[in-house]
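Asks: For reference, the sequence and a predicted model appear below.
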Amino acid sequence: MFTNDEATYEEFKGKLLEKFHKKRSEQKKQAPENNKTSKDPVVDPIIINRYVTNFLDAYLFLSNPRIQQQLSEQEVKSIEAIFSVLVNNQINQDDKKLLENAVSFLKGTENLHPNDLDIKTNSKQLTGVAREVGFCDAVVFAAFAKLLKTKLAEFEQKREEQNIPRIEIKCVEFANFNNDNKIIDDYGIPMRVGLYYLTPRMTIDTNFYLSNQVFHIIILDSKGEIFDEYDIKNINLSGSKVYELTGWGNSRGTFFKQPGDFTYCVSYQNAELIRVPLKIYPSLQANAPIEITNVVFANYSNSGQVLNDYTSALPGGVQFLTPKLTLSTKHVGIITVNITFNSWAGTTMKHSCNIFVNGSGEYECIGYGNANGTCYKDGGDWTVTFDGAFITTKSVNVVIGIPDESKKFDELFTISPSTEDGESKRGTFFAKFGRIFKKSSSVLPHYQAGTSYSVQDDNTPSGSWWTRLDNMVRRFGNWYDGIYSALTSAVAILFLGGGLLYLVVLVISTFIQDGLGMGILSLVLSCIVGYIGFYVISFIIVIFGIAFWLFRWVVWNIYTLIAFLIVVGLIMFA
């Protein structure tokens, strides 16, 4: 064929041109030179306009407060990051990295909203435009940003002309005011533990002109749980401007007792307007020393009722001994106060509680004791010692009621530390009058003193679950210690009274049914049976008393209770 190679093809083509009288250039037609230069690429306004329209529609939809309530905080931040990058005239490498991360995050969350497919559609539309424009030529990017600003301005103007209601919070700042409305920490300064009134300043964009409006505030802690919730009332909206609103807190500085990361949420008419982070820093005086200058005590009941106030003498049977400390300090923060109670008779109890300190002043600790009033049954002089981190150790004396007369003998003696042949002489006491006495070892006391995690008057749990379980058993044991003797007496009365009542009824019924002779005989026999029965019942009562007494040691603590249950289990199932 004529077209097997290029030379044959050119010869064949020339013959055709001659035949049809068409001129052919002598030389082969050169391919046009590449005239491309380094000039800026051609910007297609139709494509740019479509990008801007799609982006603006998606952004306005996703920025709606109703929609943002369904989005996570990170999704909202990613949407705003994409907008902030694309609305600028220029883009650098940091902006591209920010844009890439935001787009990647939104792409990963598109399918997390199955109940509202419009969220997925607009999210894909937003990220699609961001990918097309954010990573293209700088000239195209600048053209997109310029048209986007123009469209936004037109939208705002149209909204103003149509008077479409709008309210948007652009920025929230915080300050710390005191009770006299004087500023303590200005806006922009970190908020710290011990602040008085958290006072917000909001930059609001709105066309509302309304008085007595209400913003609903929710403060979330780091776990997303509600820390506090309240309303800011009497807000007079008068167009777009900066508003300083009413603060929330108290004059004691106990609003935020601990540092942490919080979230401040503002809602208006059931629509959330904005969420901003609120970080509370430790106080600058978190390590200041603390001096206890004075201590007074009161007696509280288990229900929190004041039985004897701080100015009254304390009677015997104190239920919950509650100290109030006068502190001299600049410290601000929560401290742990360790309290040790020592009676003149040797009883020792320990307790700890947390209090929030905000400078010098009076602070009430959580009381320690029980509802039966058996903790302080020794009566007389007690030494109470306070210590803890940052606290200068302080010991004070307090008199509780009248000391137990049976223990006065022990008060006359002091323990001798002397030893003989390397062995301690336990139980040897030196009388104050110079004589030496031998005293047998005392048995384990009925009442067991509490630990550092003992029951508090507000029943607040502290320590581990095992410690709380142990305290619960000890609490029950201490309560049982106060009633088991009465329980033994009740059993005795029940048995003896029941037996006596039975014999009386028997004698009376015999008199009625069988006559006087059989009645007298029945009375004589009943006296004999009652005499014998008295000793039998007394023996039974002793057995019950021993059982009740042994059960006291079963509930001595969690370990004795578990040991008892193990023994019972082995006996039953071995």
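Replies: Arrived safely.

Asks: What is the three-state secondary structure of Asp378?
Replies: Using DSSP: H, G, I helix; E, B strand; the rest coil, the structure places Asp378 in coil.

Asks: actually Val172, not the one I wrote
Replies: Quick answer, by three-state DSSP: Val172 is strand.

Asks: How about Phe215?
Replies: Going by three-state DSSP, the state assigned to Phe215 is strand.

Asks: what's the nearest residue to it once chain neighbours are set aside sitting at in phi/psi?
Replies: With Cβ to Cβ, 6 or more residues apart in numbering as the criterion, Phe215 has its nearest non-adjacent residue at 4.6 Å, and that residue is Ile232. The C-beta positions use only the backbone N, C-alpha and C, and glycine is treated the same way. Dihedral pair for Ile232: phi -100, psi 110, per degrees, to the nearest 10.

Asks: who touches Ile232 in this structure?
Replies: 200, 214-215, 217, 245-246, 248 (Cβ atoms under 8 Å, 6 or more residues apart in numbering).

Asks: can you give me the strands in the stretch 201-350 of the chain?
Replies: In the stretch 201-350 of the chain, the segments counted as strands under DSSP state E, counting those that start in this stretch are 209-220, 226-238, 241-244, 248-249, 260-268, 271-281, 290-300, 306-308, 320-329, 332-343, 348-358.

Asks: what's the offset of whichever strand or helix holds Asp95 from the middle of its chain?
Replies: Asp95 belongs to helix 93-108 when assigned by DSSP states H and E. Averaging C-alpha positions (Cα atoms, centre = their mean, to the nearest Å) puts helix 93-108 35 Å from its chain's average.

Asks: Low-confidence bits of the stretch 251-400 of the chain, can you list those?
Replies: By pLDDT under 70, the stretch 251-400 of the chain contains no weakly predicted segment.

Asks: how close does the residue nearest to Asn88 when sequence neighbours are not counted sit to Val85?
Replies: Nearest in space to Asn88, with sequence neighbours left out and distances taken as Cβ to Cβ, 6+ apart, is Ala145 at 6.0 Å. According to Cβ to Cβ, to the nearest Å, Ala145 and Val85 sit 9 Å apart.

Asks: next one: Asn250
Replies: 43 Å.

Asks: out of the two, which sits in the more crowded spot?
Replies: For Asn250 and Val85, the more surrounded residue by other Cβ atoms under 10 Å is Val85, and the numbers stand at 24 against 10.

Asks: Now do the SS call for the more buried one.
Replies: Following three-state DSSP, Val85 is assigned to helix.

Asks: Who are the contact partners of it?
Replies: By Cβ under 8 Å, 6+ apart, the contact list for Val85 reads 91, 95, 98-99, 102, 130, 134.

Asks: Repeat the analysis, applying 10 Å as the threshold.
Replies: Contact analysis of Val85 by Cβ atoms under 10 Å, 6 or more residues apart in numbering lists 91-92, 94-100, 102-103, 130, 133-134, 141, 145.

Asks: try Ile541
Replies: Going by Cβ under 10 Å, 6+ apart, Ile541 touches 488-489, 491-496.

Asks: Out of those residues, the closest to Asn471 would be?
Replies: Thr488 (26.3 Å; Cβ to Cβ).

Asks: Pipe the strands of the stretch 201-350 of the chain into a markdown table and attach distance to Val504 per row.
Replies: Shown next, in a markdown table, are these (distance: least, Cβ to Cβ, whole Å):
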| stretch | distance to Val504 |
| --- | --- |
| strand 209-220 | 73 |
| strand 226-238 | 68 |
| strand 241-244 | 87 |
| strand 248-249 | 73 |
| strand 260-268 | 74 |
| strand 271-281 | 76 |
| strand 290-300 | 47 |
| strand 306-308 | 45 |
| strand 320-329 | 47 |
| strand 332-343 | 49 |
| strand 348-358 | 50 |
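
Asks: Figure out which of those is closest to Ile183.
Replies: Here strand 241-244 is closest among the strands of the stretch 201-350 of the chain (Cβ to Cβ), at 10.5 Å.

Asks: mind listing what's buried in the closest one?
Replies: Tyr243 (16 or more other Cβ atoms under 10 Å).

Asks: what residues does it touch?
Replies: Residues from elsewhere that reach strand 241-244 (Cβ under 10 Å, 6+ apart): 169-171, 173, 175, 177, 187, 199-206, 215, 232, 235-237.

Asks: For it, list the C-alpha coordinates in PDB.
Replies: The C-alpha coordinates for strand 241-244 follow below in PDB (Å, rounded to 0.1, in the frame of the first residue of the first chain):
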ATOM      1  CA  LYS A 241     -21.200  45.600  69.800                       C
ATOM      2  CA  VAL A 242     -19.300  44.400  72.800                       C
ATOM      3  CA  TYR A 243     -21.400  43.600  75.900                       C
ATOM      4  CA  GLU A 244     -20.200  43.300  79.500                       C
END
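
Asks: Tell me which strands it pairs with, and in which orientation.
Replies: strand 197-206 (antiparallel) (DSSP bridges).

Asks: give me the low-pLDDT residue ranges for the chain?
Replies: Residue ranges of the chain with pLDDT under 70: 1-7, 9, 15-42, 89, 159-164, 402-464, 574.

Asks: what's the single longest helix in this structure?
Replies: Ranked by residue count under DSSP state H, the longest helix found in the chain is helix 465-554.

Asks: after that one comes which helix or strand?
Replies: Next element after helix 465-554 (DSSP H and E): helix 558-573.

Asks: Any buried residues in that next one, and which?
Replies: Applying a neighbour-count criterion of 16+ other Cβ under 10 Å, one finds 558, 561, 564 buried in helix 558-573.

Asks: For it, name the packing helices and strands.
Replies: Here helix 558-573 touches helix 465-554, going by 3 or more Cβ pairs under 10 Å, 6 or more residues apart in numbering; DSSP states H and E.

Asks: How far does the helix it packs on sit from its chain's centre?
Replies: The answer for helix 465-554 is 52 Å, by Cα atoms, centre = their mean.

Asks: what's the angle from it to helix 558-573?
Replies: 60 degrees (axes from the mean of the first three to the mean of the last three Cα atoms, to 10 degrees).

Asks: What is the neighbour count of Ser538?
Replies: If you count neighbours by other Cβ under 10 Å, Ser538 ends up with 13.

Asks: Make 19 the first number, not 1, from now on.
Replies: Happy to do that; since the first residue is 19 now, the last one works out to Ser556.
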